[in-house]
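Trainee: here is my input, please return the structure:
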Amino acid sequence: MGLREWAVGGVLLSPFLIYVVLALLVTGALRLLLRLTPMSRWIWHEALFDCALYVCVLTGITVVLGPL
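Mentor: Numbers count the residues shown, from 1 in each chain. The predicted structure follows:
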């Protein structure tokens, strides 16, 4: 996709904003799946795990969709 700004109503938006929102949705779906499985009992600190999972998902999305 590349990192070029998008003009929406005269406002320039970075594509990284799209990556951030996409990572938030993917992280929410992964957390929902983890809560439905017995794997969630292995999470010691949920807030720290959520933050780390979000950073990992955001990094993966940026690597896959970012410029080459």
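Trainee: in the one helix or strand residue 23 maps to, what's buried?
Mentor: Using DSSP states H and E, residue 23 sits in helix 15-36. By neighbour count on 16 or more other Cβ atoms under 10 Å, the buried set for helix 15-36 is 15, 19, 23, 26-27, 31, 34. Quick note: C-beta positions are derived from backbone N, CA and C, even for glycine.
Trainee: what mean pLDDT does stretch 52-63 have?
Mentor: In this model, stretch 52-63 has a mean pLDDT of 96.
Trainee: touching the helix holding residue 23 from outside, list them.
Mentor: If you take Cβ atoms under 8 Å, 6 or more residues apart in numbering as the criterion, helix 15-36 is touched by 1-6, 40, 43, 50, 53-54, 57-58, 61-62, 65-66.
Trainee: narrow the residues you listed to those in helices?
Mentor: Among the contacts of helix 15-36, the members found in helices (DSSP state H) are 50, 53-54, 57-58, 61-62, 65.
Trainee: of the residues you listed, buried ones?
Mentor: Buried among these (16+ other Cβ under 10 Å): 50, 53-54, 57-58, 61-62.
Trainee: out of the ones in helices among the contacts of helix 15-36, who's nearest residue 10?
Mentor: Nearest to residue 10 among the ones in helices among the contacts of helix 15-36: residue 65, at 25.1 Å, using Cβ to Cβ.
Trainee: show me how far the one helix or strand in the chain whose mean pLDDT sits lowest is from its chain's centre.
Mentor: Least confident helix or strand, the chain: strand 6-8 with a mean of 81, by mean pLDDT, DSSP states H and E. With Cα atoms, centre = their mean, to the nearest Å as the basis, strand 6-8 stands 21 Å off its chain's centre.
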